[in-house]
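Student: need the 3D shape of this:
(2 chains)
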2 protein chains.
Amino acid sequence: MIRWPLPEPMALALAAARDARDAGEVPVGAVVVKDGAVVATAHNAPRALHDPTAHAEMLAIREAARLLGDERLAGCDLYVTLEPCPMCAGAIQHARIARVYYGAADPKGGAVEHGPRLFDRAGSLHRPETYGGIGEEEAAALLRGFFAERR
Amino acid sequence: MIRWPLPEPMALALAAARDARDAGEVPVGAVVVKDGAVVATAHNAPRALHDPTAHAEMLAIREAARLLGDERLAGCDLYVTLEPCPMCAGAIQHARIARVYYGAADPKGGAVEHGPRLFDRAGSLHRPETYGGIGEEEAAALLRGFFAERR
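Tutor: Sure, this is the predicted structure:
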């Protein structure tokens, strides 16, 4: 089996996911990259922030847009350790993210290759290129470990 | 034709939508109510905030969760002048909003009675009660006027 080296932004997203776990949040991390440079890194934080929308992707997208001074992130890529949910997939479309690289698939909550498959719908607002399964082993292991401890 | 009186929170949401229009933002407003009392009011502000996620619903939900100190808004109702998009419908589910009252339908961008119909999907995370068409005439007229001016 060929194993590709993990892209650096996904390694950072996985590190952010570990930070989330250590903070008692569901371990998901995200990184926004523009022209090869990291613009924003975030992890899930709905509990700490008392914010149901505080998924890693949302926080990274909002921070990147704030820093770039633009409500659109055209030309930016997003790396996230878990397949985005409908909320985050919608935000990715509103932000006009060019490419989405994600780790573990999420058959129950995902909205990219599962469920509503928002990017593939007819009349879709915006269709980023998407690449799944990048760093998925560690991403999935972090999630399994987190939920196993809480059962 | 019977016309129901406009619920007070929807009148507030429509006032917020007019504020959005006056600020050059797409005219959509939202209000979160708990036990009959308004908790948070917001309007669309992605341009002003440089935030692609700053839809009226998102801002109202985030503010309500912050004020209530809870990442979930169980028992809260949301009034919004336009059918929520996938991002906002997903946030409504994450927040566990009990009831959603919306004004104008959005055949292109909506995700409640159109497109992915997120609340109706098998295995849906959370299914709020939904009521559409409340204050829809004014809500739709505001949007038509806004986009007509910009064409």
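Student: just for chain A, where's the confidence low?
Tutor: With pLDDT under 70 as the threshold, chain A has low-confidence stretches at A:1-3.
Student: near chain B, which residues of it are found?
Tutor: Where proximity means Cβ under 8 Å from any Cβ of the partner chain, the interface of chain A facing chain B comprises A:46-47, A:49-54, A:58, A:61-62, A:65-66, A:68-73, A:85-91, A:93-96, A:108-109, A:111, A:115-116, A:118, A:121, A:123, A:125. (Each C-beta comes from the backbone N, C-alpha and C, glycine too.)
Student: show me those that map onto strands.
Tutor: If you go by DSSP state E, the residues of chain A next to chain B have nothing in strands.
Student: mark which of those residues are buried, thanks.
Tutor: With neighbours counted by 16 or more other Cβ atoms under 10 Å in any protein chain shown, the residues of chain A next to chain B contain buried members at A:46, A:49-54, A:58, A:61-62, A:65, A:68, A:70-73, A:85-91, A:93-96, A:109, A:111, A:115-116, A:118, A:125.
Student: that older thread, narrow the residues of chain A next to chain B to those in helices?
Tutor: Members of the residues of chain A next to chain B lying in helices (criterion: DSSP state H): A:46-47, A:49, A:58, A:61-62, A:65-66, A:68, A:86-91, A:93-95.
Student: wait, isn't residue A:102 in contact with residue A:111?
Tutor: No: Residue A:102 lies out of contact with residue A:111 (Cβ atoms under 8 Å); the separation is 11.1 Å.
Student: joint contacts of the two?
Tutor: When Cβ atoms under 8 Å, 6 or more residues apart in numbering or on different chains defines a contact, the residues bordering residue A:102 and residue A:111 alike are A:83, A:84.
Student: middle-most residue in chain A, spatially?
Tutor: residue A:80 (2.7 Å; Cα atoms, centre = their mean).
Student: identify each buried residue in the host helix or strand of that residue, please.
Tutor: Following DSSP states H and E, one finds residue A:80 within strand A:76-82. Residues of strand A:76-82 classed as buried by neighbour count (16+ other Cβ under 10 Å): A:76, A:77, A:78, A:79, A:80, A:81, A:82.
Student: now that strand and helix A:86-95, what's the angle there?
Tutor: With axes from the mean of the first three to the mean of the last three Cα atoms, to 10 degrees as the criterion, the two stretches strand A:76-82 and helix A:86-95 enclose an angle of 170 degrees.
Student: partner strands of strand A:76-82 and their direction?
Tutor: Using DSSP bridges, the strands paired with strand A:76-82 are strand A:29-34 (antiparallel), strand A:99-104 (parallel).
Student: give the contact list for residue A:50.
Tutor: Taking Cβ under 8 Å, 6+ apart as the definition of contact, the neighbours of residue A:50 are B:65, B:66, B:68, B:69, B:70, B:71.
Student: do the same with residue A:108
Tutor: With contacts defined as Cβ under 8 Å, 6+ apart, residue A:108 is in contact with A:114, B:123.
Student: same question, residue A:140
Tutor: Shown in contact with residue A:140 (Cβ under 8 Å, 6+ apart): A:103, A:104.
Student: roughly how far apart are it and residue A:106?
Tutor: Residue A:140 sits 10 Å away from residue A:106, going by Cβ to Cβ, to the nearest Å.
Student: in space, what's closest to residue A:76 - neighbours in sequence excluded?
Tutor: Excluding the flanking residues, the one nearest residue A:76 by Cβ to Cβ, 6 or more residues apart in numbering or on different chains is residue A:34, at 4.7 Å.
Student: give me the beta-bridge partners of the one you found?
Tutor: Taking DSSP bridges as the rule, residue A:34 bridges to residue A:37, residue A:76.
Student: and the helix or strand encompassing residue A:40, what does it pack against?
Tutor: Mapping residue A:40 onto the secondary structure by DSSP H and E places it in strand A:37-43. Using 3 or more Cβ pairs under 8 Å, 6 or more residues apart in numbering or on different chains; DSSP states H and E, the elements in contact with strand A:37-43 are helix A:8-22, strand A:29-34, helix A:56-68.
Student: looking at these, which is buried most?
Tutor: Mean neighbour count (mean count of other Cβ atoms under 10 Å in any protein chain shown) peaks for strand A:29-34 among the helices and strands packed on strand A:37-43, with a mean of 27.
Student: angle of it against helix A:56-68?
Tutor: Inter-element angle recorded for strand A:29-34 and helix A:56-68: 30 degrees (by the same axes, to 10 degrees).
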